[in-house]
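**Student:** Give me a model of this one.
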Amino acid sequence: MKHLDHLVYASPDLQTGIDQIETLLGIRAVFRGRHLDFGTHNALLALGPKCYLEIVSPDPTQTDFQGPLLFSLDTITEPRLVTWVARTGQVENLAARPLDRGLRLGEVGSGSRQTPEGATLTWKATSPYTVIADGVVPFLIDWEQSPHPAGSAPSGAQLINLRAEHPEAAHVQTILEQLDLELTVSEGVQPALVATIDCPLGRVELR
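**Tutor:** Residues are numbered from 1 along each chain as shown. Next up, the predicted model:
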């Protein structure tokens, strides 16, 4: 999947998510920074040279954050894959496309976070608050001049495949095709992303 940038694994708290991924994959993700615009913080591990798994949770140190939390983090009780992110240099063009049933991706904005080393990563992306097909349709990102985060994340895992399940599989597949994104969507009772990962503990399916 040439456009896949990263997978988002939401957790009610960061330590729970880190522990869960270490149990499943045998690799411990490391803390990488705070999203001051969203009230969250994250930990990462690499899934390839330019692909990574992001564990994200509410940041308890951001006590003055008043906005809504991403990825249903205010109600989530168990860690799980909630969406994925596609990398593209055409964020504005793709965001402007009308999609099936009149849907549109979110507005394009800028984001940033501070790394533990003191550097600032910046990016341009469609709004992660715009959720289409329960997260099976990704939001889009362009890292512009920032180094890709996978380069500083713990290695040892490799993403082999990503697929999705959805009750309206054909509709979701149409939207992905309109965005020139490759992802197989099959019929399923509940929406789900399923990542197949090679890791020190073998080949694992992560949902």
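
**Student:** Just the buried residues of the helix or strand of the chain with the lowest mean pLDDT, please?
**Tutor:** In the chain, the helix or strand scored least confidently by mean pLDDT, DSSP states H and E is strand 108-114, which has a mean of 86. Using 16 or more other Cβ atoms under 10 Å as the test for burial, strand 108-114 gives 108, 111, 113. The C-beta positions use only the backbone N, C-alpha and C, and glycine is treated the same way.

**Student:** Which other helices and strands does the host helix or strand of residue 140 contact?
**Tutor:** If you go by DSSP states H and E, residue 140 is part of strand 139-142. Contacts defined by 3 or more Cβ pairs under 8 Å, 6 or more residues apart in numbering; DSSP states H and E place strand 139-142 against strand 80-87, helix 91-95, strand 120-126.

**Student:** now the angle from the first one to strand 120-126?
**Tutor:** Calculated by axes from the mean of the first three to the mean of the last three Cα atoms, to 10 degrees, strand 80-87 forms an angle of 90 degrees with strand 120-126.

**Student:** re the thing from before, now, among the buried residues of strand 108-114, which is nearest to residue 178?
**Tutor:** Taking Cβ to Cβ as the measure, residue 108 is the one of the buried residues of strand 108-114 closest to residue 178, at 17.1 Å.

**Student:** what sits against that closest one?
**Tutor:** 91-92, 95, 124-127 (Cβ atoms under 8 Å, 6 or more residues apart in numbering).

**Student:** so which of the residues you listed would you say is closest to residue 39?
**Tutor:** Once Cβ to Cβ is applied, the member of these that ends up nearest residue 39 is residue 127, at 14.9 Å.

**Student:** where does the chain dip in pLDDT?
**Tutor:** Across the chain, nothing is flagged by pLDDT under 70.
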